[in-house]
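>>> Pasted the sequence and its predicted model underneath.
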Amino acid sequence: MMNSFPLAGRASIARQWAFVSKFLLTVLVSVVSLGVWAQDKQVTGKVKDASGTGMPGVSIAVKGTQRGANTDADGNFKIAVPENATLVFSFVGYKSQDVEVGSRSVVDVTLAEDNQVLNEVVVVGYGTQKRQEISGTVSSVSSKDFNAGVISNPLQAVQGKVAGLTINQTGSDPNSRPTVRLRGVGSLAAGSDPLYVVDGVPGVPIQNIDVNDIASVDVLRDASSAAIYGARASNGVILITTKRGKGGRATVDYNAYVGMDMVAKAPDYLSGDEYRAAVKKLGMTLVNDQGANTNWFDAITRQAPVTSHNLAFSGGTENFSYRASIGYLNQQGVVKQSGLERISARINLDQTALNGKLKISTSLSAITGKRDYVNYDAFTFSITNLPTDPIFTTDPNFQTSTGVIAKTGYFERLGEFGAFNPVAILEQTTNYSKSIEYLGNINMKYSLTKDLVVGVNGATKGSNQQGYFYQSRIPKAFVGASGFARRTSGPIDDGQTQDNLLEFTLNYNKTFNGLNLGVLGGYSHQDVNYEGFSAQNNNFISDQLLFNNLGAGAGVSLGQRSSDAVSSFRNTYKLISFFGRATAALNNKYFATLTVRRDGSTKFGQNNKWGLFPSLSLGWTLTEEAFLKGNPTVNNLKLRFNYGQTGNSEGIGAYRSLALVGPSDKYYDNGNWLPSYKPAQNPNPDLKWEVNENYGAGVDFALWNYRVTGSLDYYIRNTKDLLYEINAPLSIKPLFPTILANVGSMRNQGLELSLNVGIVDKGDFRYDVTFAGATLKNEVTSLAKGDFIAANSIFLYSGLGAATRGTSSVPFSIIKVGLPVGAFYGGVVERLDDKGQFVFKDIDGDGKISENDADRDFIGSPLPKVTASLTNNFSYKAFALSFLLNGQFGNKIFNAERMMFANPNNRLPAENSLREAVDSPVRDTRTGAFSYFVEDGSFVRLSNFRLGYTIPAKGVLTRAQVYVSGNNLFVITKFKGVDPEMNTGFATAGVYTKQQFPKARGFQVGVNLSF
C-alpha cells in the first residue's frame, strides 16, 4: 500500500537539477542556432487602430510560413519577407487583415475592431473547435485575463473566472493545495478534483507549473464535453495549454515581482494583562503567574517575503519554432519554518516537415522544489498557552556582556495537557521534502490527405521526492509515554512515480456544401507505477546528526517493531481506452457533437473492468435564422442541449478490488519471533467506477454590437454508484470487517451565469466587467445498492486530533439521504436558561432530550448556495487597473473554536481563551454539534488588485510595464472567526477550529519586459 510520499528518488536534487540545466542549455543553444535564415527584403511599418493610435503587441505573420514579428509599444514593426509575400496582421478583438507587400518596403495598416469572437479557437479534448461550433459547455481563460498577485498554483490564476468552478483554500500555507470543485461535490470516497490535462497529457499535477508558461486554461464543465476522457472525467476536465514559440525574430521576456506577506487577521485571544484581569473578574485563581506578557501567536508568525522570476526565450524560422523558459519562486510562509522554493524549466519545440504534411510538437519540463512544513499543533498551542508564561527560561546568574540575562531553554508548563511551547515545536522540528518532477511528450501529426490526419502522442512523466523529518529531544511536546522520553523520531521517506502514455488518433474533417463534418477516432494506453520506502528510528543520544545517521537511535534495539523501522511498497495500474467523436456544423446554424469512450481499468473488479461513456450535445444559432438575422440588438443567440456520462476512477488505490493481507502480530517459533500476516481487505469483484450522468441546457448571447456577451446554463448532475467504505455484509463471507463498494447516489443541480460587459469605451478610457456566478443544490439520494448498504446516518468525525481537545471525537457532520453531503447535524438550541445552560428542542416530542438521532436535526450546510465573482478592468492611456471581488453565500460554518474557547467555564484559568469568553453568558460545558455555534459563512472578498503602467519602449526593448498588486485586501463577513473561507471536502467541511494556518495579506511590486 502507498505511504505518505508516493514520489521518490535518492539522487541529490542538486545533481538532478544540474543535469536538467545542462540539457536545456544545450538544446537552447542548438535551437537558437537554427533560428537564423537568409536575409530577405526588410519591410517596416506601423499598425494603428481606428483612432490613429499605434497598437503594441500586434502579431504579424508571413502567410504560408512560420515567420512572424510583433509591433513595439508604438505600433511599429520590422520583418524580413521573401518575394511576393503576404503579411497577416492579427490582434485579439480586431479583424485580421491580409496585406500583399508587392514592391513596397513600408506597409502601414489600420485594424478595425471585431467584437465577434465566434471564430475564436477553443481547446477541447484531443483537438480544437471554433467557439461558434461548440454545443457543449466550455469556458476559456487566456493568460491576459489571469488574476494578479502571488500565484504559486495555476488555479489561483483563474479563481473567480469560470461559473461553477470553486477554488477554496483554508489559510495561506504555501505547501497546501486548494480545494477545487466543479459543479459541486461529486464523490464520497473517490477523488473530487477535476482531471487536469497539460498539452494533451492527462493526469499531470499542475500545482507546480509556472503560471508565466501558461497560454490558456479551458474548462470542460459538462459531461458532454468531458466524456472524451471517460472514466476519469466525472468531476470535469481542466485543459492547460502552455505557451509556444512563433516564427520571427528571437524575443526575450522577463517577468518578476517581489512582495511581502503578513497575517491578515490574528485570533482574538486575551493578552497577558487581559488574562490576569479576566481571571480576577471571574473569581478564579491565577495559575502560577510567571509575570510575562507573551503574545504566542506573534512569536510563531512573521512578515514573509516572496520572490518570483521568469525568463523566456522564443523565436523560430519558417518551419521551426521554439520557446524555452526558466522560473524561480521563493515563497516563505507567514508561520515561521514554513516555505516553498521552486525552480522550473520548460522548452517547447515545433517542427514542420515534408512540405507541411508532418507537424511535430515536443515539450520537456522539469521542476525541482524544496518544501518546509510546519506542525499544525503549534497554531493550537500558540493561542491556548497562558500569555503570562515566557517563551524561554532564564538564569539571572548568567548574563551576556551587555547585561542581557541568558536564555537557558524553552519554558514548559509541566503537567498541563495541551500547553506545550509552540516556539519550541517549530524551532526544534526539521520537516522538509525535496522533489523533482518531469514531463516529456511528443505529438506528431501527418496529413495522409488534405482532410485526413493521423496522430501519435507519447508522453512520460514522473516525480521523485525525499521527505526528511526529525523531532528534537528537547520540547516536552515530544515526550512520549513509551519511555523513550526526550529522544524522538527521525524518519526518511523516499518514493517515486512513473507514468507512461501512448495514444493514436485518426482525424477526418471535410466540408460538403455548408456542412462541416469532423470525425475523430483514437486509442490510448496508460501505465502508472508507484514505489518507495521509508526508514526511521528514535531515542537518539544527540540532536547533532538529525536524520543523517538513523543507526545512532536506540529505538529499534529497545523494542521498536521492525515493520515500523523500515518499510517499502510498490504498485501499478493500467488504463486502456478506445474513443471516438463526430461533430457536424450545418450552415453555421445547427451543431451536433457525439462522443463515446470505452475504458478498461485494472483498478476495478474482474466483473467490471470495462465501462462505456457516451455523450451528445446539440446547438442551434437562432441569429442565423431569418427572423433574427441582422437584428441590431441581438448579435448572437445560440441554444445548447447536452447529455453525457462520465466516470470516476481517481482517488482509488490500485488494488482495492482484491483480497489483500497485511502485517499482524509476531509469533514465536523455534526460538525466534517471526512476522505473521492476516487479511487486510475483502475482495469485491463487482467494484466499478462512479458514474456521473449529466443533463444540461444553455444559451449563449451577444447584445448591442457585442457590448454584452455571456452564457446561461442549467444542469442536473446525478452521480450513481458512489464508492464508500462500509461494514461488510455477512452474505459475502467477509475476511475483513469493512469493504469498499458502490453504495449510493447524489445529485447536484444549479444555474451558471457568465457575463462580459463593456461599460465605457470612450477615447483613452475603457471600463469593462466580467461576472461569473452559480447556484448549487446538493442532495444525497441513496446509500444502498444490493447487498451493500451503508448506515442510514453516517456520522462524520472530524479527526482533528488531541490538539483540539474536546472536539476530536465529536461528529459535527453527517451523510444522510435527503440532506446535502457533509451537512451539520445536531441539537437545536432554543435558548439559554438563567444558569447559562443550553435548552434544546425536543425534536421527537418524548418530553426528554437525548443525544441520539431522534433529537438531532439538520442545522446547516457547509456548501454555498451561491458563488459569485466580479472582475473590474479599467484602462486610461498607459495606466491599467484591475481588481477581483469574489464571494460565496448561503453556507454555514460550525465554529468549534467558540464552542471551546468562548466559554469561561471551559478552559480558564488553565488555558487562554477568546476575549469573548469574559462576558459570555454561556456556562454549559457540553460539547457537540449544537446549532448555537453554527454561523453564517457568507463573505465578499477583495481577492486581488493590480495597477500597472506601460512605459514607452524604445530600441531593443519592445514592451515594458511596472505594476503594484495585492492579495486578500479585505473581507466582509458576519463570521466571528479569523477567516470564513473553508475547504469543501465533505468530512470536515465548514468546521472551524483553532488549528488553522493563518490567512495572509500580500503586496507585490513587479515588472514585465520584452526584448
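Yep, that arrived.

>>> Please, where are all the strands along the stretch 101-250 of the chain?
Shown for the stretch 101-250 of the chain, the strands assigned by DSSP state E, counting those that start in this stretch span residues 109-110, 121-124, 127-130, 138-142, 165-168, 179-182, 195-198, 201-202, 214-220, 237-242, 248-263.

>>> Adding mean pLDDT, write those strands out as a markdown table.
Listed next are the strands of the stretch 101-250 of the chain as a markdown table, based on pLDDT from 0 to 100:
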| stretch | mean pLDDT |
| --- | --- |
| strand 109-110 | 90 |
| strand 121-124 | 82 |
| strand 127-130 | 84 |
| strand 138-142 | 88 |
| strand 165-168 | 89 |
| strand 179-182 | 89 |
| strand 195-198 | 93 |
| strand 201-202 | 92 |
| strand 214-220 | 92 |
| strand 237-242 | 92 |
| strand 248-263 | 92 |
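
>>> Switch those over to a markdown table; also include mean neighbour count.
Where you see a C-beta, it was placed from the backbone N, CA and C, and this is true even at glycine. Output for these, formatted as a markdown table (neighbours: other Cβ atoms under 10 Å):
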| stretch | mean neighbour count |
| --- | --- |
| strand 109-110 | 16 |
| strand 121-124 | 18 |
| strand 127-130 | 16 |
| strand 138-142 | 20 |
| strand 165-168 | 22 |
| strand 179-182 | 23 |
| strand 195-198 | 24 |
| strand 201-202 | 22 |
| strand 214-220 | 22 |
| strand 237-242 | 22 |
| strand 248-263 | 18 |
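
>>> ok, and what's touching stretch 256-265?
Contact partners of stretch 256-265, identified using Cβ atoms under 8 Å, 6 or more residues apart in numbering, comprise 149-150, 172, 301, 303-310, 331-334, 965, 968, 971, 978-979, 998-1007.

>>> what about 7 Å?
150, 172, 301, 303-309, 334, 968, 978-979, 998-1007 (Cβ atoms under 7 Å, 6 or more residues apart in numbering).

>>> likewise stretch 166-184?
Stretch 166-184 is contacted from outside by 152-153, 155, 159, 164-165, 192-194, 207, 221, 235-236, 261, 331, 333-334, 338-340, 371, 373, 715, 717, 748, 776, 778, 867, 981-985, 996-1000, using Cβ under 7 Å, 6+ apart.

>>> swap in stretch 596-614?
Around stretch 596-614, the neighbours that count as contacts under Cβ under 7 Å, 6+ apart are 227-228, 230-231, 573-580, 595, 645-647, 649, 652, 654, 656-657, 684-689.

>>> Give the bridge partners for the closest residue to R707 other than its chain neighbours, please.
Leaving out its chain neighbours, the residue that sits closest to R707 by Cβ to Cβ, 6 or more residues apart in numbering is G758, at 4.8 Å. G758 has the following beta-bridge partners by DSSP bridges: D768.

>>> Look at G758 and report its pLDDT.
As predicted, G758 sits at a pLDDT of 92.

>>> can you check the one 10 residues further on too?
Per-residue pLDDT puts D768 at 93.

>>> Verify the stated contact: it with L755.
No - here D768 lies out of contact with L755, judged by Cβ atoms under 7 Å, at a distance of 10.7 Å.

>>> that older thread, with distance to G291 added, can I get the strands of the stretch 101-250 of the chain in a markdown table?
Shown next, in a markdown table, are those (distance: least, Cβ to Cβ, whole Å):
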| stretch | distance to G291 |
| --- | --- |
| strand 109-110 | 78 |
| strand 121-124 | 65 |
| strand 127-130 | 71 |
| strand 138-142 | 57 |
| strand 165-168 | 43 |
| strand 179-182 | 44 |
| strand 195-198 | 55 |
| strand 201-202 | 62 |
| strand 214-220 | 55 |
| strand 237-242 | 56 |
| strand 248-263 | 27 |
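
>>> related to what we said a few turns ago, select only the buried ones of the contacts of stretch 596-614 in PyMOL?
In PyMOL, a selection of the buried entries from those looks like this (16 or more other Cβ atoms under 10 Å):
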select buried, resi 227+228+230+231+573+575+576+577+578+579+580+595+645+646+647+649+652+654+656+657+684+686+687+688+689
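
>>> Show me the contacts of stretch 596-614 that map onto helices.
Using DSSP state H, no member of the contacts of stretch 596-614 sits in helices.

>>> so of the contacts of stretch 596-614, which ones are in strands?
Residues of the contacts of stretch 596-614 located in strands (DSSP state E): 573-580, 595, 645-647.

>>> tell me which of those is nearest to L735?
The nearest member of the ones in strands among the contacts of stretch 596-614 to L735, counting by Cβ to Cβ, is Y573 at 22.5 Å.

>>> Who does the closest one form a beta bridge with?
Assessed by DSSP bridges, Y573 has beta-bridge partners V528.

>>> ok, the residue nearest to R707 - how many residues close by?
17 (other Cβ atoms under 10 Å).

>>> Surely it touches D768?
Yes - the pair G758 and D768 qualifies as a contact (Cβ under 7 Å) at a distance of 4.6 Å.

>>> what about burial for the contacts of stretch 256-265, which qualify?
Counted by 16+ other Cβ under 10 Å, the contacts of stretch 256-265 give 150, 172, 301, 304, 306, 308-309, 334, 968, 978-979, 998-1004, 1006 as buried.

>>> Which ones among the residues you listed lie within strands?
The subset of these located in strands under the criterion DSSP E comprises 304, 306, 308-309, 968, 1000-1004, 1006.

>>> about what we covered before: from the ones in strands among the contacts of stretch 596-614, pick the one nearest T429.
Y573 (35.1 Å).

>>> relative to its centroid, which residue of this structure is most remote?
Most distant from the centre of the chain: N670, at 54.9 Å, with distances by Cα atoms, centre = their mean.

>>> Look up which helix or strand T781 falls in, please.
Using DSSP states H and E, T781 maps to strand 777-782.

>>> could you give the mean pLDDT of the helix or strand following that strand?
Sequence order places strand 784-785 as the next helix or strand after strand 777-782, per DSSP H and E. Averaged across strand 784-785, pLDDT comes to 86.

>>> Contacts for strand 784-785, please.
Residues lying outside strand 784-785 but in contact with it, judged by Cβ under 7 Å, 6+ apart, are 742-743, 790.

>>> Can you list the strands that it pairs with?
The sheet places strand 784-785 alongside strand 788-789 (antiparallel), with pairing taken from DSSP bridges.
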